[in-house]
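Trainee: Test case, fold it:
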Amino acid sequence: MKKFIFSALVALSCIGTAKAAVDCEAVQDRADNEGKFFEQGVTKKVVQQGRLYFHTAPHSECKTPKVFIIKNDLAKTYAHYNGYDFIIYRTKAGHDVSGWVKANALSTDLKSNPITSEDAAIKAVQKPVMKHKLLRSFDCTGFYVQEDKETYDIDIREVHNKRCGGDEATAPRLLSYTVNKKTGEMCTSSMELAERIGAEDPTDFTCRPID
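Mentor: Alright, predicted model coming up:
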């Protein structure tokens, strides 16, 4: 874990940091030796207003001025030292950003929105589809749901019939969603969404978070 954190911070430091009045590498060394570590990671949400800046070490003088997250973003905490948490945040484009942030700006109260039925999962999916204009309407579409212990996997497919047209033996997939039963969080492998958010490879079918 310590080696992993050091490697991640070396990568982050390449982005550029403010001129530090303290030895950030020395601070990081102390964090490696004295910090509290969470091997599995703890999911937390940003509760601070405005920008929450990353740091290359757990000290205010080690801020990375161009790297930040904002309120309601979710990240995983892997270490704590000197009032800072070491986190990994996954961007909507699927990139991992890591570094130290102020611990009091994060909360473990995620205020989850459990999804308890297929109908609730379908309704939850319909909202972001319309919000992000991924479909013009749900006319001539159908929802195909597969369920396991933790998620609902939902395909939105074309409906082919006499009214809608098309080959009735086929039902081309338009969008795919995965809905977390416990939290209500969703992700989609939509290529159109991936292109909008600047994913490196929109065709890789990565399930990217969507609200």
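Trainee: how about the strands in the chain?
Mentor: Taking DSSP state E, the strands of the chain run over residues 36-46, 51-55, 63-70, 74-81, 84-90, 96-102, 106-107, 141-147, 151-158, 173-180, 186-188, 208-210.
Trainee: and of the ones you listed, who's closest to Gly166?
Mentor: Among the strands of the chain, the nearest to Gly166 by C-beta to C-beta is strand 151-158 (6.5 Å). Backbone N, C-alpha and C define where each C-beta goes, glycine included.
Trainee: Could I get the buried residue list for the closest one?
Mentor: Neighbour-count burial for strand 151-158, with 16 or more other C-beta atoms under 10 Å as criterion, is recorded at Thr151, Tyr152, Ile154, Ile156, Arg157, Glu158.
Trainee: Look up which residues are beta-bridged to the first one.
Mentor: Put plainly, it is Thr151. For Thr151, the beta-bridge partners are Asn180 (DSSP bridges).
Trainee: which residues touch the most centrally placed residue in the chain?
Mentor: With distances taken as C-alpha atoms, centre = their mean, Arg90 lies nearest the centre of the chain, 4.7 Å away. Arg90 makes contact with Ala75, Asp96, Val97, Pro209, according to C-beta atoms under 8 Å, 6 or more residues apart in numbering.
Trainee: which one of those has the most neighbours?
Mentor: Scoring the contacts of Arg90 on neighbours with other C-beta atoms under 10 Å, the highest-scoring entry is Ala75 at 24 neighbours.
Trainee: Thought Tyr89 was touching that one, still the case?
Mentor: Yes: at 4.1 Å, Ala75 counts as touching Tyr89 under the criterion of C-beta atoms under 8 Å.
Trainee: mind showing which ranges of this protein have poor pLDDT?
Mentor: 1-20, 110-112 (pLDDT under 70).
Trainee: how far away is the residue of it most remote from its centre from Cys140?
Mentor: Relative to the centre of the chain, and counting by C-alpha atoms, centre = their mean, the farthest-placed residue is Lys162 at 41.2 Å. Separation of Lys162 from Cys140 (C-beta to C-beta, to the nearest Å) stands at 11 Å.
Trainee: what's the answer for Gly94, then?
Mentor: Relative to Cys140, and taking C-beta to C-beta, Gly94 is found at 31 Å.
Trainee: Repeat that for Glu147.
Mentor: As for Glu147, its distance to Cys140 is 25 Å (criterion: C-beta to C-beta).
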